[in-house]
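Q: Take a look and give me a structure for this.
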Amino acid sequence: MNRTTWITVAMAAAMALPTLAMAKSDSQVYIADIQPMNAEATDLQTNGEAEITVDGDEVTIRIDIRDTAPDMVHWQHFHGFEDGSEANCPAPSLDENDDGYVDLIETHPASGVTMVPFDEDPAAMDVADGVYPTASEEGDYSYEQTVSLEALQAAYGEAFDGQDLDLRKRVIYIHGVPEDTDLPDSVESLGPIPAQVTLPIACGEIRPAE
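A: Have a look, this model is predicted:
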């Protein structure tokens, strides 16, 4: 094999490696600017930042949130498409029933499905019953968890047919308004879970840090 052919093959092989597989040997940082969603309808301007650092077998997730509903538990997850397509935060135009809210179900065309919970144990993949952060009386919270990359990838692969995590194609959602919030019946949720729990109030697209 001549030198030109060898370089071409090597470059192709490098490009084919999954994003997080490369991160096993080199630290990689991903960030998301979390912006308000459904702000006009909820009177919340929930915003913040997320940073996900992959270093060896450790994945450290840090999320700082401001101006959310105070004194309540907020579900938070990354969402994406099972076929590996790129997810995006939804535009207001996805409010298909024109009830003033882009509910969880209406986010699916832009963002796919709920994938990994950012709770006390992300690798357990316990979306419905995990322990999520509680906002302060000022409506702020900070979250940090470190999880094994191997364990997280194994659980994710089992749930999503062997797919790679590939954080570059995912979005982070912050959910939840007070349980006494009077939402229209048209605001949909998943199964028996109240819409007040799953209503998206902020979203951020994950990207590699510069």
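Q: Residue ranges in the chain under the pLDDT threshold?
A: 1-25 (pLDDT under 70).
Q: name the element the residue nearest to the spatial centre of it belongs to?
A: Closest to where the C-alpha atoms of the chain average out (Cα atoms, centre = their mean) is F78, at 1.7 Å. According to DSSP states H and E, F78 maps onto strand 76-80.
Q: Need the residues that contact that strand.
A: Residues outside strand 76-80 that contact it (Cβ atoms under 8 Å, 6 or more residues apart in numbering): 63, 87, 107, 111-119, 127, 132-133, 143, 166-167, 169-175, 206. Heads up, the C-betas are built off the backbone N, CA and C, glycines and all.
Q: Those in helices, which ones?
A: Taking DSSP state H as the definition of helices, the contacts of strand 76-80 contribute S111.
Q: ChimeraX command for the buried members of the contacts of strand 76-80?
A: Only the buried members of the contacts of strand 76-80 enter the following ChimeraX selection, criterion being 16 or more other Cβ atoms under 10 Å:
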select :63,87,107,111,112,114,115,116,117,118,119,127,132,133,143,166,167,169,170,171,172,173,174,175,206
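Q: Skipping adjacent residues, who's closest to P184 in space?
A: Spatially, and ignoring its direct neighbours in sequence, P184 is nearest to D99 (4.7 Å; Cβ to Cβ, 6 or more residues apart in numbering).
Q: That neighbour against S186, yeah?
A: Yes - with contact defined as Cβ atoms under 8 Å, D99 reaches S186; the gap is 4.3 Å.
Q: all helices for the chain, in order.
A: 3-16, 19-23, 39-42, 108-111, 149-159, 195-198.
Q: Now the residue nearest to the centre of the chain. Nearest residue, chain neighbours left out?
A: Spatially, and ignoring its direct neighbours in sequence, F78 is nearest to R170 (4.4 Å; Cβ to Cβ, 6+ apart).
Q: any idea how far the one you found lies from D185?
A: Here R170 is placed at a distance of 31 Å from D185 (Cβ to Cβ, to the nearest Å).
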